[in-house]
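Asks: generate a structure from the sequence data that follows.
(4 chains)
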Protein chains: 2
Amino acid sequence: MSEIKETSTNFANKIALADECPEAYASNIIGGQWTLVICSWLLSGKMRFGELRKKLPNITERMLTLQLRKLEEHKIISRTIYAEVPPRVEYELTPIGYALKPVIKALESWGEEHRELVKNQR
Amino acid sequence: MSEIKETSTNFANKIALADECPEAYASNIIGGQWTLVICSWLLSGKMRFGELRKKLPNITERMLTLQLRKLEEHKIISRTIYAEVPPRVEYELTPIGYALKPVIKALESWGEEHRELVKNQR
DNA sequence: CTCATTACTTACATTTTATATAGTACCTAA
DNA sequence: TTAGGTACTATATAAAATGTAAGTAATGAG
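Replies: Residues are numbered from 1 along each chain as shown, chains lettered A, B, ... in the order given. Model (predicted):
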């Protein structure tokens, strides 16, 4: 998060890959440590900043903010601020965000399958 | 890649997340920069080290080796060495590796959809 | 003996991502 | 007047991922 150096080889490689492989493109967007989990929670409806924080016990406020900003930038979630005191901010998936559902489901079931397999091999 | 520090908060968080969220678990495994692209190529059949390298023009041999080792460790690919000179090593998806197909397809189509959307908004 | 080929290793440097810690503004209720 | 909740921001640092450059082993061809 924070800064990326647009002259690095790493950056160029990401661009090049994303350019020809939609799966790499997608993986760059949702590949963060908390991204999928946040989306997964939001699949069941809009949530406030504080609610999300409670659902993700070990996340720092900074990380949560960064992840939410990144998701917002990518149009995956929308942010609604209510001018109240204390402040209230709600996050909700956009249509393209909801469209992640099959991806998340596919990952979930593969993850479970893989976990089973690995467990049984030891 | 390379080293992970088993005392870091990051490590603990990953474990905790992976523990309860299969999608985070899956994402940790296939989340590398090249992982999905490699699997994607292997979906169409076994390949040699050198072939893969040519398909991924910007990857360094080091990165390719690291990614392949990680995939092998996670039982996603199998490695067959032929005792020839010069050496020949073939990589092939295991059953659980092939089971990634729906995940990759879901990511691909979401990626394309997302890319379209973003493009049209500018 | 020297060179080429393939699939790696190793040591090191850089870039990217994640965490820790300490703030801030706002108003409200005590 | 002071404490408290909410959703942040700023700065520093640690850790992980990726990249660069240079090797290595084995052997058969010339």
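Asks: could you use CA atoms for every contact and neighbour count after this?
Replies: Noted.
Asks: retrieve the pLDDT associated with the residue nearest to the spatial centre of chain A.
Replies: By CA atoms, centre = their mean, the mean C-alpha position of chain A lies nearest to residue A:35, the distance being 2.0 Å. pLDDT, residue A:35: 94.
Asks: what about it? Give its phi and psi, please.
Replies: Main-chain dihedrals, residue A:35, degrees, to the nearest 10: phi -50, psi -50.
Asks: now it: how far from chain B?
Replies: Distance of residue A:35 to chain B, computed by CA to the nearest CA, to the nearest Å: 9 Å.
Asks: look up the closest residue to that residue, ignoring the ones flanking it.
Replies: Using CA to CA, 6 or more residues apart in numbering or on different chains and skipping the chain neighbours, the partner closest in space to residue A:35 is residue A:67 (6.5 Å).
Asks: quick one: pLDDT of residue A:2?
Replies: If you check residue A:2, the pLDDT there is 56.
Asks: export only the CA atoms of the helix or strand residue A:50 falls within, formatted as PDB.
Replies: Here residue A:50, judged by DSSP states H and E, is contained in helix A:49-55. The C-alpha coordinates for helix A:49-55 follow below in PDB (Å, rounded to 0.1, in the frame of the first residue of the first chain):
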ATOM      1  CA  PHE A  49     -16.200   1.300   9.500                       C
ATOM      2  CA  GLY A  50     -16.400   0.200  13.200                       C
ATOM      3  CA  GLU A  51     -18.400  -2.900  12.400                       C
ATOM      4  CA  LEU A  52     -15.900  -4.000   9.900                       C
ATOM      5  CA  ARG A  53     -13.100  -3.400  12.400                       C
ATOM      6  CA  LYS A  54     -14.800  -5.600  14.900                       C
ATOM      7  CA  LYS A  55     -15.300  -8.400  12.300                       C
END
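Asks: how much space between the closest residue to residue A:34 other than its chain neighbours and residue B:26?
Replies: Closest residue to residue A:34 apart from its sequence neighbours, by CA to CA, 6+ apart: residue A:67 at 7.2 Å. From residue A:67 across to residue B:26, the span is 19 Å (CA to CA, to the nearest Å).
Asks: what comes into contact with the host helix or strand of residue A:114?
Replies: According to DSSP H and E, residue A:114 maps onto helix A:101-120. For helix A:101-120, the external contacting residues (CA atoms under 8 Å, 6 or more residues apart in numbering or on different chains) are A:36, A:40, A:43, B:21-23, B:25-27, B:96, B:99-100, B:102-103, B:106-107, B:110.
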